[in-house]
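J.: Next one to model:
(2 chains)
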Amino acid sequence: MAVAAIGTSKLSKDYGMGRGLFELDLRVEQQEVFGFLGPNGAGKTTMIRCLMGLIRPTAGSAQVFGLDCLHDYVAVKRRVGYVPGDMPQFGSLRGSEVVAHLGAMRGGADLKVVRNLAERFSLDLSRRYREYSSGNKQKLGIVLAFMHRPPLLILDEPTSGLDPLNQQEFYKLLKEARDGGATIFLSSHILSEVEHACDRVGIIRSGRLVRIADLDELHSIRFHHVELEFAPGAKVPIAAIRSAAGVEEVVVDGHIVRCTVRGTFEPLLDAIRGATVTNLVSHEPSLEELFLEYYQESASTKALTN
Amino acid sequence: MVMLLLALRLGRWGIAGFGAVAFLVTLLQSAGFYRVAGRTEAERQAFGRSMSILAAQFSAIVPPPVRPDTVGGYVQFRAFGSLAIAFAIWALVAASGAMRGDEERGIVEAVLAAGLSRPRMITARLAGFALGSLVAALAATAGLLAGVASGGETFSATAAVGAAVALAALGVCCYSLTTLLVQLTSARSATVFAGIVLLALFLINSLSRTFDGLARWRWLSPFHYYELSSPLVPGGGLDARATSILITIALATAVPAALAFSFRDIGSPLFRFPARARPASFEMSRSPVWRVPIVRDLYERRISLLVWAAGLAALSAVFVVLTKTIVQPLLAIPALAAYFAFFLKGDVYTSFLGYIWFGFAQLLMAGFAITHVARWSAEDADGRLDLILSSPISRVRVVVERVIVLMLGALLVAGVSGVAVGVEAHYQAIELDGRRLAQATLLLVPFTLVFGAVGALLAGWIPRAAVALLGAFAFASYLIVQLGPIFKLPEWAEDLSAFKLYGQPLTAGVDQTGLVITLAIVVGGLAASAIVMQGRDIGT
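T.: Below you'll find the model as predicted:
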């Protein structure tokens, strides 16, 4: 059995008052894109800082490629590319100098790789860091993480501040890195992002890992709030919508219909076929809504089983 | 009201720090007066005459004393003269921090987004500083009254409060001026630009005492109006008109400052020239300096290193010139004979230079170390250390590299000033032993490292308070050595000072014991800071 890219055993970091990370057991295989999903303050960054050896766990341990994150942290860093949750200050240094500085600390960076990454994200490296927008600072963080082509990428909310085009470019970069043999550990609080980019997802809440799901499982627990607006005077197929599979909580307000859709949209689209829909809006639920839904579902399943 | 409270909260460390310094300075000077001035009327008059002769040599920097034979006149000259400079520096740093520093940290945006208008924000920050500086100045009053009480005398509380009011008014005036000036430039150069203007205003007033041509411009300087008040001097008082002018300048400059702030873009200066169009570059820097550890850190600090080296060299040359001109008049002052006997050994010029310049140079080098420690703490707080440690380098290496950078920087700064001392001494016909001068210069490096090692330990242990604690350590060490002879402190107390370890290398050669203890502190401090760094959580 190949050594895991990331492994934690009862990993805990207790900040007191119920804050921190508690008894987290996790295994991320090599060449896997693992999403670490949780709302703000759930413990995602704490987990990542433990993996990076920046903070000491209160209990338990964490390994990267079998190396202890606390004691072998120098060897661990040789194998890791890291995007921090918040990019730090580099004052009046130019982007090109920040890359050269941190690249040299790794023993040198490949000029071609850096150029390619900067071009892909349209990041002008001749500008001073203090002149960068938050999105450009984030792009620089991505360049710094990927420039030495590490076998493991630990990315703390890497798309925050990126516009949709650059997000798509970033997802492509993730895919290329994975295809090139890299393992990716990506934290996020956006369900669609991890769904889009990851093979498996760990869901963390209040410092505890509540579930590890593959993509199919993730699809099964997710839902959308949908609002359909029909043309004035047009017939609204209420009965068909109510009876469509996966469509729940249907509320009719004149020629506007609001409902919740689980799973695929196909049954709903079949139900409204032929009707004149002037507007269709779909909202992704917040993570808190998703968790609430998930826990209610678990509780009712448990009650049924009992 | 909420904004005023926020302003006070953001400036609380400045208020506490400058309040403590003001209290200590006036306490020590007033208590010290009774030690050095004598008890009888005749003794005090003789002391007053001596002080007047001594002060005349420094009239280009501080105003001449009035009635230094009284505790009020002495403290007005010794304490409130230097506190004026300290409060002006505080105002400069606080105002540029409030306007441009907070802008970079996003605090200004957050405050404005909450619905506060820009003029109201400036008003609240100005009011916050006014309140804070008054509190700190009143601490000086308290120190004076406590010091006088220690001498078994009493002092008019009204006069002491008057001195505090004048000091606070000067601080507020400088704050408001800085608030206006920092609107005009980029955030990066705001403090330097405002500092240059305030320095020019200070020099116009102080040099006008020596150069008559400047006298007609004196009215421009807030320091001139401050000096018109002498509330502590018998027969003197708070000059209501001069103090009103200071407050009027503060209010009058706040208006254009608010206008400028309203008209400019956040993050930009009022006047901005369009940037030259140039093609984007996607290339990493190929400069070899980034490839070499230590060198890259020195390169990053090159501007500040050059400023420190040039500043210390210029100051050292000034001290050599002063030494040549003031030593003989000072030696003629009987009351100071006992004080000078403490360090005058062999050639008087060499002894004087060794004690006065190298004593001051130690203080400056401690300041140099503190600026490095401030950066180490900032790297921890703003997340840069996170990114550095995401590279495959050990935490111990980070500590060692930081201290080596400090050592090489100190070597450069001290070395340049040593050369300046040697060259200027040659021109002033002061014969210095080259070997001793080299020793005295080089010994500044391990001395600086003492503060670096203690600072590294503090930065690893409690990074947010490291600068304040190290500054207090440096200040206390300096006071112990400077005031030890006056207060006749026991030797063990003086041995607690880092400055004592340096010895008198220019006259007596290297103090072997002091050097060994210095190196032991450096090695011990470094080892302890490496252990602390290894075991701590970064960024907390």
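
J.: Next, please give the residue ranges for the helices of the stretch 201-306 of chain A.
T.: Ranges of helices within the stretch 201-306 of chain A are A:215-221, A:238-243, A:266-271, A:287-305, based on DSSP state H, counting those that start in this stretch.

J.: Just the CA trace of stretch A:192-207, in CSV.
T.: Provided in CSV are the C-alpha atoms of stretch A:192-207 (Å, rounded to 0.1, in the frame of the first residue of the first chain):
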residue,chain,number,x,y,z
SER,A,192,-19.6,24.1,-6.0
GLU,A,193,-15.8,24.7,-6.1
VAL,A,194,-14.9,21.5,-4.4
GLU,A,195,-17.5,19.7,-6.4
HIS,A,196,-16.0,21.1,-9.5
ALA,A,197,-12.3,20.4,-8.7
CYS,A,198,-12.1,17.5,-6.2
ASP,A,199,-12.3,13.7,-6.2
ARG,A,200,-13.2,13.5,-2.6
VAL,A,201,-14.4,15.9,0.0
GLY,A,202,-13.9,16.1,3.8
ILE,A,203,-16.6,18.2,5.5
ILE,A,204,-15.5,19.9,8.7
ARG,A,205,-17.7,21.7,11.2
SER,A,206,-16.8,23.1,14.6
GLY,A,207,-13.4,21.5,14.4
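
J.: Give me the contact list for that stretch.
T.: Identification of contacts with stretch A:192-207 by CB atoms under 8 Å, 6 or more residues apart in numbering or on different chains yields A:18-22, A:24, A:26, A:32-39, A:42-44, A:46-47, A:159, A:167, A:171, A:174-175, A:184, A:186, A:188, A:209-215, A:218-219, A:222, A:284, A:291. (C-beta placed from N, C-alpha, C; glycine too.)

J.: Find the residue at the geometric middle of chain B.
T.: Centroid-nearest residue in chain B: residue B:86, 6.9 Å away (criterion: CA atoms, centre = their mean).

J.: what pLDDT does that one get?
T.: Note on residue B:86: pLDDT of 91.

J.: quick one: it is in a strand?
T.: No. The assignment for residue B:86, made by DSSP: H, G, I helix; E, B strand; the rest coil, is helix rather than a strand.

J.: and the gap between it and chain A?
T.: Using CB to the nearest CB, to the nearest Å, residue B:86 is found at 27 Å from chain A.

J.: what's the spacing between that residue and residue A:50?
T.: To residue A:50, residue B:86 is 45 Å away according to CB to CB, to the nearest Å.

J.: now swap in residue B:259 and tell me
T.: Per CB to CB, residue B:259 is found 51 Å from residue A:50.

J.: ok so, going back, these two touch, right, the residue nearest to the centre of chain B and residue B:17?
T.: No. Assessed by CB atoms under 8 Å, residue B:86 is found out of contact with residue B:17, at 10.2 Å.

J.: care to break the chain down by domain?
T.: If you meant another chain, say so; for now it's chain A. As recorded under automatic domain parsing, the domains making up chain A are A:6-214, A:223-283.

J.: think we crossed wires, I meant chain B
T.: Structurally, chain B divides into domains by automatic domain parsing as follows: B:2-263, B:298-321+B:342-462+B:502-535.

J.: just so I know, which of these lies nearest residue A:251?
T.: Counting by CB to CB, residue A:251 lies closest to domain B:2-263 out of those; the figure is 35.4 Å.

J.: what's the span of that closest one from first residue to last?
T.: By CA to CA, to the nearest Å, the extent of domain B:2-263 from end to end equals 24 Å.

J.: next one: stretch B:202-219
T.: Per CA to CA, stretch B:202-219 runs 11 Å from first to last residue.

J.: Would you point to the one among the domains of chain A that's packed deepest?
T.: Greatest average neighbour count among these goes to domain A:6-214 (a mean of 19), per mean count of other CB atoms under 10 Å in any protein chain shown.

J.: So residue B:379: helix, strand or coil?
T.: Secondary structure of residue B:379, per three-state DSSP, is helix.

J.: Could you verify my assumption that it touches residue B:388?
T.: Yes. Residue B:379 is within contact range of residue B:388, at 7.3 Å (criterion: CB under 8 Å).

J.: Residue of the stretch 151-300 of chain A nearest chain B, please.
T.: residue A:154 (8.6 Å; CB to the nearest CB).

J.: Which pLDDT value does the model give that residue?
T.: According to the prediction, residue A:154 has pLDDT 97.

J.: Repeat that for the one 4 residues further on.
T.: At residue A:158 the predicted local confidence, pLDDT, stands at 94.

J.: from the chain's centre, how far out does stretch B:464-482 sit?
T.: The chain centre lies 12 Å from the centre of stretch B:464-482; the measure is CA atoms, centre = their mean, to the nearest Å.

J.: Sketch out the low-pLDDT regions of the chain for me.
T.: You didn't pick a chain, so chain A it is. Applying pLDDT under 70 to chain A flags the ranges A:1, A:286-288, A:291-306.

J.: wrong one, chain B
T.: Scanning chain B residue by residue, the ranges that satisfy pLDDT under 70 are B:57-58, B:60, B:332-345.

J.: Near chain A, which residues of it are found?
T.: Chain B comes close to chain A at residues B:104, B:187-188, B:278, B:280-287, B:290-293, B:296, B:300, B:378-379, B:382-394, B:535-540, as judged by CB under 8 Å from any CB of the partner chain.

J.: need the contact list for the residue nearest to the centre of chain B.
T.: Residue B:86 touches B:18, B:21, B:22, counting by CB under 8 Å, 6+ apart.

J.: Show me which of these is closest to residue B:79.
T.: residue B:22 (8.2 Å).

J.: my read: that closest one touches residue B:140, true?
T.: Yes. Judged on CB under 8 Å, residue B:22 makes contact with residue B:140 at a distance of 3.7 Å.

J.: Report the set of residues contacting both of the two.
T.: Both residue B:22 and residue B:140 are contacted by B:83, B:167, under the criterion CB under 8 Å, 6+ apart.

J.: name the element residue B:430 belongs to?
T.: For residue B:430, there is no enclosing helix or strand under DSSP states H and E.

J.: excluding its backbone neighbours, what's nearest it?
T.: Spatial nearest neighbour of residue B:430, chain neighbours left out: residue B:349 (4.5 Å); criterion: CB to CB, 6 or more residues apart in numbering or on different chains.

J.: Quick one: neighbours of the closest residue to residue B:348 other than its chain neighbours, just the number.
T.: The shortest distance from residue B:348 to any non-neighbouring residue, by CB to CB, 6+ apart, is to residue B:327 (5.6 Å). As a burial measure, residue B:327 scores 20 neighbours (other CB atoms under 10 Å in any protein chain shown).
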